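Chemist: fold the following, please.
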Amino acid sequence: MNWAQISDRLTQYERLMRLDKPIGTLLLLWPTLWALWIAADGAPSWWLLWIFSLGTLLMRSAGCVVNDWADRDFDRHVKRTADRPLTAGTVSQTEAWMLAAFLALCALALIIRLPRLVLLLSVVAVFLAVSYPFTKRFFALPQAYLGVAFGFGIPMAYAAVLERLPAECWWLLAANILWAIAYDTEYAMVDRDDDVKIGIRTSAILFGRFDVAIVMACYAGALAILAWVGRGAGLGVYFYAGLVVAVGIALYHYKLIAKRTREGCFKAFMHNNWLGAAVFAGIAVDYAVRRQAWPGALPPLW
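Modeler: Numbering: from 1, shown residues only. From the prediction side, this is the model:
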């Protein structure tokens with residue numbers, strides 16, 4: 001195999017792992033960082049930050065490979081996905097499973113020395129990642145299942161820092177589920193006509209003409225829960241400023257999806273990266289300011 005062939009294989013694997021489309025990784029990463037910062041009182045170790053950031057990338061990539069394998073016969077009927085590597089035949093099914101296994105093993109290697117509770121939760125995380133693509137066959141609201149899968153870094157972060165799972169970690173997971181229903185419904189609205197034809201179940205189909213209203217209600221619920229968790233964690237004005245920015249972003253999404261155009265719905269979905277970032281910025285800045293006000297009150301960053 002010459003260099004051109006090797007380069008082509010790597011390009012196809014990159015596309016299969018969605019490394020060229022980082023939005024999914026970011027939507028997993030932000031809630032994980034929310035949890036990591038709150039669990040560690042704003043001072044997670046750099047080691048844990050590296051582990052969870054790289055682990056998020058690896059597991060999201062593995063999940064994309066499994067998802068494309070599961071949907072390989074459906075994707076050819078959807079204009080947006082017809083050229084994906086497995087559907088187009090540029091990557092074999094054997095290659096896909098070998099790549100997914102390699103990515104999962106790399107993720108496992110990252111956490112092997114973390115507390116036992118993290119390892120136990122990782123088994124659940126892998127199950128959620130592998131099983132999610134199949135929920136679209138029988139579950140009318142797969143976006144809720146996606147919210148659990150995408151948010152499972154939250155309990156894992158708490159387990160890594162505290163070696164226990166306090167109530168606030170489950171409330172954060174609940175907020176992430178509502179947020180995932182909101183943004184993935186926007187994503188599903190892009191493909192609604194194609195999904196109806198091929199028999200895929202999505203929230204956009206389930207919600208029907210109430211889709212926009214329910215998306216906005218989910219945003220409201222997610223942000224309300226985050227505000228409640230922040231209050232319990234003693235977060236202050238900078239955290240709430242971040243939430244205000246997130247509210248503004250959600251209202252902007254309403255403008256984008258109100259007419260249900262493919263372009264507007266897809267733009268709103270992609271824009272959710274900034275909503276997650278705004279919440280994290282509020283959390284991180286609030287803790288950073290507190291560290292400046294009370295030096296030594298929080299543990300060091302290493």
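
Chemist: against Val124, how distant is Ala109?
Modeler: 18 Å (CB to CB, to the nearest Å). The way it works is simple: take the backbone N, C-alpha and C, and place the C-beta from them, glycine included.

Chemist: give me the more crowded residue out of those two.
Modeler: Val124 (14 against 11; other CB atoms under 10 Å).

Chemist: tell me which residues touch the more buried one, please.
Modeler: Shown in contact with Val124 (CB atoms under 8 Å, 6 or more residues apart in numbering): Phe152.

Chemist: quick one: Gly276 and Thr32 touch, right?
Modeler: No. Taking contacts as CB atoms under 8 Å, Gly276 lies outside contact range of Thr32: 10.0 Å.

Chemist: which pLDDT value goes with Gly296?
Modeler: pLDDT recorded at Gly296 is 48.

Chemist: which intervals of the stretch 1-150 of the chain have sub-threshold pLDDT?
Modeler: In the predicted model, the stretch 1-150 of the chain carries pLDDT under 70 at residues 1, 75, 77, 79.

Chemist: so which helix or strand takes in Tyr13?
Modeler: Using DSSP states H and E, Tyr13 sits in helix 3-16.

Chemist: immediately after that helix, which helix or strand?
Modeler: helix 23-39.

Chemist: please name every helix or strand in contact with that following helix.
Modeler: helix 46-70, helix 142-150, helix 153-162, helix 167-190, helix 262-293 (3 or more CB pairs under 8 Å, 6 or more residues apart in numbering; DSSP states H and E).

Chemist: include mean neighbour count and distance to Gly242 when you put those helices into JSON lines, please.
Modeler: Shown next, in JSON lines, are those (neighbours: other CB atoms under 10 Å; distance: least, CB to CB, whole Å):
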{"stretch": "helix 46-70", "mean neighbour count": "20", "distance to Gly242": "19"}
{"stretch": "helix 142-150", "mean neighbour count": "24", "distance to Gly242": "20"}
{"stretch": "helix 153-162", "mean neighbour count": "25", "distance to Gly242": "17"}
{"stretch": "helix 167-190", "mean neighbour count": "23", "distance to Gly242": "14"}
{"stretch": "helix 262-293", "mean neighbour count": "19", "distance to Gly242": "2"}
